[in-house]
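In: Need a 3D model of the sequence below.
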Amino acid sequence: MSPTVMSQSEIDSLLAAMSSGDVDVDTIALESDDRKIKSYDFRRPDKFSKDQLRAIQMIHESFARQVTTAMSTMVRSMVSAEIATVDQLAYDEFLRSMIQPTVIGILEMYPFSGNALIEIKPNLVFAIIDRMLGGRGEFTGKIRELTDIERTVVERVIMRMLELLEEAWSTVVDVRFRYENLETNPFFVQICPATDMVLLVIMKLKVGDVEGMISICIPYFLMEPIMDKLSSQQWFASTGRRSDEGAGELVRRHLDRVRVPVALELGHTVLSVSDILQVSVGDVIKLDDKVGDLLDVRVGNTVKFRAVPGTSNGNFAAEISEVIRNEDDMAGLPGGEGGSGDD
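Out: Numbering: from 1, shown residues only. Purely as a prediction, here's the structure:
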């Protein structure tokens, strides 16, 4: 701000007013001190704007709603989840805020090069483990290292959360979270330099009567390529656009991961209980199918294919020779409810 140059007459008038008491010097000094000045720490500069933090909060609020449903199914108990805070801070400050031992899942964030992490407080971890292993979901108050079985249970929970996190982020950007490792000592986890800024999302999760915090930490350099997509307007626009367009793809992605039992039936026969009790090693049971007959291949409880038995690389195998279509399969084909019938 450029200085104001006063004339000699203005200076004389000001001095006269001060001498007569018409001007309060203390009031002038107080008004000058009331200027709005924001302190700025150059050691921890702000990387995320308020609008970007708001968009990130909305993304993770959607994630919290999905966690409520998914975790209730996993632990078979009442679960509630809500976002507590979304903030930015230096990585070493986050490390100092964690207790030891704790439970930290190290994550890979594709397609970006680098690691993020998710921390679950020990009291919450042991309550979830106790509930999933048949207990009442209680925490004894003793914090200790996890056993191999407990680590497996926790890894399963973390991987389920990452699936939900991907869905929440898909409204803005296509990102993949992959579980890499589990660590208990926070000072052994160095995903970025100590002075680098990170995004910290803290979610409050309550399982039964036990309440704890889950923290998601993402370094700024991982978020930098998508910063232009992080705004509340962008989130609202993406949510409305993808609600219909992405529904089919989302369903297909889930179906691709569904495991379905497939069985090859060599044949059938009927035996009495007395015959079954007399069966011993070396006995031959005659089936109703012949050697050259096609065998039924069941997917779940439905016969979907017919196949010829054989071997492949020394293993038992079957070559599909016929596809069996039922009415549900044919309804979606061109030519009416039953299709054209020329397959």
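In: from what I can see Gly105 touches Asn115, true?
Out: No - with contact taken as CB atoms under 8 Å, Gly105 and Asn115 are classed as non-touching, separated by 10.4 Å. The C-beta positions use only the backbone N, C-alpha and C, and glycine is treated the same way.
In: Leu53 and Arg176: what is the separation?
Out: Per CB to CB, to the nearest Å, Leu53 is found 23 Å from Arg176.
In: Of the two, which one has the most company?
Out: The residue with more neighbours, out of Leu53 and Arg176, is Leu53; 19 against 15, by other CB atoms under 10 Å.
In: pretty sure that one belongs to a helix, no?
Out: Yes - Leu53 sits within a helix when classified using DSSP: H, G, I helix; E, B strand; the rest coil.
In: For Met161, the count of nearby residues, please.
Out: So Met161, with other CB under 10 Å, has 24 neighbours.
In: Please, which helix or strand holds it?
Out: Assigned by DSSP states H and E, Met161 belongs to helix 148-169.
In: Check the offset of that helix from the chain's centre.
Out: 7 Å (CA atoms, centre = their mean, to the nearest Å).
In: and that helix, which residues are buried?
Out: Using 16 or more other CB atoms under 10 Å as the test for burial, helix 148-169 gives 150, 153-154, 157-158, 161-162, 164-169.
In: right, and the helix or strand after that helix?
Out: As assigned by DSSP H and E, the chain's next helix or strand after helix 148-169 is strand 176-183.
In: so after that following strand, what's the next helix or strand?
Out: strand 197-207.
In: can you tell me the average pLDDT over that next one?
Out: For strand 197-207, the mean pLDDT works out to 93.
In: which other helices and strands contact that strand?
Out: helix 50-75, strand 79-90, helix 91-97, helix 122-132, strand 210-219, helix 220-223 (3 or more CB pairs under 8 Å, 6 or more residues apart in numbering; DSSP states H and E).
In: and Val260, what does it touch?
Out: 299-300 (CB atoms under 8 Å, 6 or more residues apart in numbering).
In: List phi and psi for it.
Out: Phi and psi for Val260, reported as degrees, to the nearest 10, are phi -120, psi 130.
In: shouldn't Met98 be in contact with Lys121?
Out: No - using CB under 8 Å, Met98 is not in contact with Lys121, being 9.0 Å away.
In: Pick out whichever of the two has more residues nearby.
Out: Under the criterion of other CB under 10 Å, the comparison of Met98 against Lys121 puts Lys121 first, with 21 against 17.
In: Cheers, nothing more for now.
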